[in-house]
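Enquirer: take this sequence and fold it.
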Amino acid sequence: MFDSVAPRYDLMNDLMSGGLHRLWKQFTLSQPQLRPGQRAVDVAGGTGDLARGMARQVGERGLVVLSDINGSMLERGRDRLLDAGLVRGLEFVQANAEKLPFADSSFDCVTIGFGLRNVTDKPAALASMRRVLRPGGRLIVLEFSTPVAPGLKPLYDTYSFRVLPVLGRLVGKDAASYRYLAESIRMHPDQETLLGMMRDAGLEDCRYHNLAGGIVAVHRGYRY
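Expert: Numbering: from 1, shown residues only. Next up is the predicted model:
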């Protein structure tokens with residue numbers, strides 16, 4: 001599926017969210033509080049928006065790894081980062097979020113943006129991401145969630161199941177993939193459930209912040 005959507009992934013993100021995904025990612029990038037010289041990995045990083053922001057935070061003395069299980073998405077992310085002039089302090093690794101191929105305590109921050117809902121074994125992925133965090137490091141999860149604003153859910157459902165597949169067919173040339181998008185969002189744990197899963201994975205001081213009335217949420221937890 002992601003081989004199919006990779007060429008138009010960024011265009012479709014802008015169309016589907018009305019550009020709001022850029023603001024959601026900006027907010028997410030305000031959470032790591034990374035310093036020059038630190039290390040971070042963006043898991044299921046796709047076309048590299050979060051990795052690019054973190055690379056600018058850690059500078060050339062730091063390291064940011066862009067990781068994704070899908071080769072087409074990873075290639076597109078690498079090309080976008082190189083086009084942005086980011087060369088030093090970057091690595092690209094094709095990897096499964098459930099079994100990250102990094103040593104224990106490797107990173108000051110792990111991010112996963114709009115990727116956790118596509119992971120089959122979410123507890124395994126959360127445990128894997130915690131494992132590669134250094135003590136004091138933080139995991140940040142940006143993901144679609146459950147609307148909490150009054151009256152928002154029926155409007156959101158109508159948009160998701162009627163408008164998104166049409167956009168997918170006309171622009172993305174793949175209606176089925178965007179039907180999957182809507183279905184995967186509904187199957188993803190809600191805010192409180194994901195919070196509990198992060199705690200079960202051994203993360204501490206876990207909390208979340210709703211964006212767009214709960215359509216999106218940013219979860220954060222630490223390894224101490």
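
Enquirer: distance of E143 relative to P150?
Expert: With distances defined as C-beta to C-beta, to the nearest Å, the gap from E143 to P150 amounts to 22 Å. Using the backbone N, CA and C atoms, a C-beta is placed for each residue, glycine as well.

Enquirer: quick one: which of the two has more around it?
Expert: E143 (22 against 7; other C-beta atoms under 10 Å).

Enquirer: what's the single longest strand in the chain?
Expert: Longest strand in the chain, counting residues (DSSP state E): strand 133-144.

Enquirer: direction included, what does that one pair up with?
Expert: Using DSSP bridges, the neighbouring strands of strand 133-144 in the sheet come out as strand 107-113 (parallel), strand 216-222 (antiparallel).

Enquirer: buried residues, the helix or strand just after that strand. List them.
Expert: On the C-terminal side of strand 133-144, the closest following helix or strand by DSSP states H and E is helix 152-158. Taking 16 or more other C-beta atoms under 10 Å as the basis for neighbour counts, the residues of helix 152-158 that come out buried are Y156.

Enquirer: beta partners for the residue lying closest to L116 once chain neighbours are set aside?
Expert: Across the structure, with C-beta to C-beta, 6 or more residues apart in numbering as the measure, the residue nearest L116 apart from its sequence neighbours is E143 (5.2 Å). With DSSP bridges applied, E143 shows beta-bridge pairing to A217.

Enquirer: any stretches of the chain with poor pLDDT?
Expert: In the prediction, the chain carries residues with pLDDT under 70 at positions 1, 3-7, 172.

Enquirer: got a list of what the residue nearest to the spatial centre of it touches?
Expert: Geometric centre of the chain, nearest residue: G113, 0.9 Å, by C-alpha atoms, centre = their mean. With C-beta atoms under 8 Å, 6 or more residues apart in numbering as the criterion, the residues that contact G113 are K25, T28, D42, A44, G45, G46, D49, L50, V141, L142, E143.

Enquirer: need these in TSV (columns: secondary structure and distance to G89).
Expert: Supplementary listing: these in TSV, determined by DSSP: H, G, I helix; E, B strand; the rest coil; distance: C-beta to C-beta, whole Å:
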residue	secondary structure	distance to G89
K25	helix	20
T28	helix	20
D42	strand	13
A44	coil	20
G45	coil	15
G46	coil	19
D49	helix	17
L50	helix	15
V141	strand	24
L142	strand	22
E143	strand	27
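
Enquirer: quick revisit: how much space separates the residue nearest to L116 from V43?
Expert: With distances taken as C-beta to C-beta, E143 is found 12 Å from V43.

Enquirer: can you pull the residues that touch both of these two?
Expert: Counting by C-beta under 8 Å, 6+ apart, the contacts common to E143 and V43 are I112, G115.

Enquirer: can you give me the helices in the chain?
Expert: With DSSP state H, the ranges of helices along the chain come out as 2-5, 9-17, 20-29, 49-58, 71-83, 122-131, 152-158, 164-170, 175-187, 191-200.

Enquirer: and of the ones you listed, who's closest to Y224?
Expert: Across these, the minimum distance to Y224, taken as C-beta to C-beta, is reached by helix 122-131, at 10.7 Å.

Enquirer: output the contacting helices and strands for that closest one.
Expert: strand 107-113, strand 133-144, helix 191-200 (3 or more C-beta pairs under 8 Å, 6 or more residues apart in numbering; DSSP states H and E).

Enquirer: which among those is found nearest to L15?
Expert: strand 133-144 (15.9 Å).

Enquirer: which other residues reach that closest one?
Expert: Contacts of strand 133-144 with the rest of the structure, by C-beta under 8 Å, 6+ apart, involve 24-25, 28, 31-32, 50, 105-117, 126, 129-130, 185, 188, 194, 198, 203, 215-224.

Enquirer: perfect, that will be all.
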